[in-house]
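[1] My questions are about this predicted structure, shown below with the sequence.
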Amino acid sequence: MAPTILCVGMAGSGKTTFLQRLNSDLHAAKKPPYVINLDPAVHDVPYGANIDIRDTINYHKVMDDYGLGPNGAITTSLNLFATKIDQVLNIVEKRSDQYSNILVDTPGQIEVFMWSASGQIITDAFASAGPTMIAYIIDTPRCTSPATFMSNMLYACSILYKTKLPMIIVFNKGDVIEPTFAIEWMNDFEAFQKTLYADHEDSSYMTSLMNSLALMLDEFYNTLDVCSVSAVAGTGFDEFFKVVDKKVEEFNVDYKAERERVKKVKEEREAKRKADDLERLLKDVGVEQKDPMDVLSDLEDDEEELQEPDDEDNLQNRYQQALKDSQGERAAIEKILKNQDLEQ
Ligand SMILES: Nc1nc2c(ncn2[C@@H]2O[C@H](COP(=O)(O)OP(=O)(O)OP(=O)(O)O)[C@@H](O)[C@H]2O)c(=O)[nH]1
């Protein structure tokens, strides 16, 4: 499938405007993208979305029907949408060769998408279908304060480790202020420290906490690619697309292998769980510690032995009863094996 760019960022950081700009630039370059809106609460979608969560889920109705507040309704709408993600991906995959990228807009309440089961299901579904990356959009003018900058970076860091997907940090609103100060803070710990202590002359708890966090995040900064754009002015997008190409390669080389390894471990764990469950079940029905196949062949042997009973009456009765029991047990075990096959 074409590369998927999941646009994530704090409310008002400019995700929708950024996506609108990507959409128009790609159309202008005759490389149309496939656009998906996953924000059920958004009032207006300024780009033409190919799939819009609002077409199938009425956010206000979800609020009324389930008696929920705004965030609960967004989570529930996403849960409802996640149940259909396979169908959505089938549609996208079928027409994937007609599109250069898949662009996904997400709700401004980052935690509602990133830390919910549905967010994880949707992200994993895209990552299983093709190269997927996170574009983490940051409102640059609001980052001039070290505390806001640090909060944004902590969010980005937790998203990176949660999704295990390549990430691009996009400093937006570069027309208001260039993010040179933020890039310097990311590359030079001492520069950040200097601004931090200039802003907070006292050595308060907050100052020393941010100091320690900046040290910790040093390793995280090394895994990132950063670009500066202005979604309104349309600057910085050539650089952004170059980084996207780099991240596609990174996904195919590093992340795909890692995801497959994690998937294999999960599958093995699941197979073991099923085997344990089956063993427990067999124990419950009194065929403890036996392989179901062995039990079946024992039963077949018993049946063969019982084919030629003595001609004494009581033996005949015992034969009938034993045959009945063995057939009942056999049917139960065949049912278990059949269910196991179906599950697999
Ligand atoms: N100056 C400037 N303003 C921008 C830029 N990008 C977005 N904005 C403005 O920022 C505000 C929020 O933009 P949106 O695109 O709605 O942000 P969002 O992240 O999608 O917002 P939510 O959907 O509420 O999370 C709007 O007033 C935009 O016009 C930019 O590059 N420069």
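    Cool, the structure landed. Residues are numbered from 1 along each chain as shown.
[2] how about the residue of the stretch 101-250 of the chain found nearest the ligand, phi and psi?
    Closest to the ligand within the stretch 101-250 of the chain is G108: 2.2 Å, counting by C-beta to the nearest ligand atom. C-beta coordinates here come from the backbone N, C-alpha and C atoms, glycine included. Backbone geometry at G108, expressed as degrees, to the nearest 10, gives phi -70, psi -20.
[3] For burial, what's the neighbour tally of the residue nearest to it when sequence neighbours are not counted?
    Counting by C-beta to C-beta, 6 or more residues apart in numbering, A11 is the residue found nearest to G108 once chain neighbours are left out, at 3.2 Å. The number of residues packed around A11, counting by other C-beta atoms under 10 Å, is 10.
[4] Please apply the same query to M167.
    M167, neighbours per other C-beta under 10 Å, totals 24.
[5] For I138, grab the count of nearby residues.
    I138 sits with 26 neighbouring residues when counted by other C-beta under 10 Å.
[6] what's the helix or strand hosting it packed up against?
    According to DSSP states H and E, I138 maps onto strand 132-139. Identification of packing neighbours for strand 132-139 by 3 or more C-beta pairs under 8 Å, 6 or more residues apart in numbering; DSSP states H and E yields strand 4-9, helix 15-28, helix 146-163, strand 167-172, helix 237-250.
[7] tell me the mean pLDDT for the very next helix or strand once past the second one?
    Past helix 15-28, heading to the C-terminal end, the next element that is a helix or strand (DSSP H and E) is strand 34-37. Taken as a whole, strand 34-37 has a mean pLDDT of 94.
[8] Could you look up the next helix or strand downstream of strand 34-37?
    Sequence-wise, the next helix or strand downstream of strand 34-37 (DSSP H and E) is strand 51-52.
[9] how about the helices and strands packed on strand 132-139 in a markdown table, adding mean pLDDT?
    A markdown table is the format used below for these (pLDDT from 0 to 100):
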| stretch | mean pLDDT |
| --- | --- |
| strand 4-9 | 94 |
| helix 15-28 | 94 |
| helix 146-163 | 89 |
| strand 167-172 | 96 |
| helix 237-250 | 94 |
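[10] want to try a markdown table for these, with distance to K272 as columns?
    Shown next, in a markdown table, are those (distance: least, C-beta to C-beta, whole Å):
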| stretch | distance to K272 |
| --- | --- |
| strand 4-9 | 32 |
| helix 15-28 | 41 |
| helix 146-163 | 25 |
| strand 167-172 | 33 |
| helix 237-250 | 32 |
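[11] For Q321, which of those is the nearest?
    The closest of the helices and strands packed on strand 132-139 to Q321 is helix 146-163. By C-beta to C-beta, the value is 59.9 Å.
[12] For the stretch 51-200 of the chain, which residues are neighbours of the ligand?
    By C-beta under 6 Å from any ligand atom, the residues of the stretch 51-200 of the chain that approach the ligand are G108, N172, K173, D175, V176.
[13] Among those residues, find me the one that's closest to I137.
    Using C-beta to C-beta, N172 comes nearest to I137 of those, at 5.2 Å.
[14] burial count for the closest residue to the closest one other than its chain neighbours?
    Leaving aside its sequence neighbours, N172 sits nearest to G14 (C-beta to C-beta, 6+ apart; 4.3 Å). If you count neighbours by other C-beta under 10 Å, G14 ends up with 23.
[15] Ok, R95 next?
    Neighbours of R95 (other C-beta under 10 Å): 11.
[16] and it, what does it touch?
    Shown in contact with R95 (C-beta atoms under 8 Å, 6 or more residues apart in numbering): Y34.
[17] roughly how far apart are it and the ligand?
    Using C-beta to the nearest ligand atom, to the nearest Å, R95 is found at 26 Å from the ligand.
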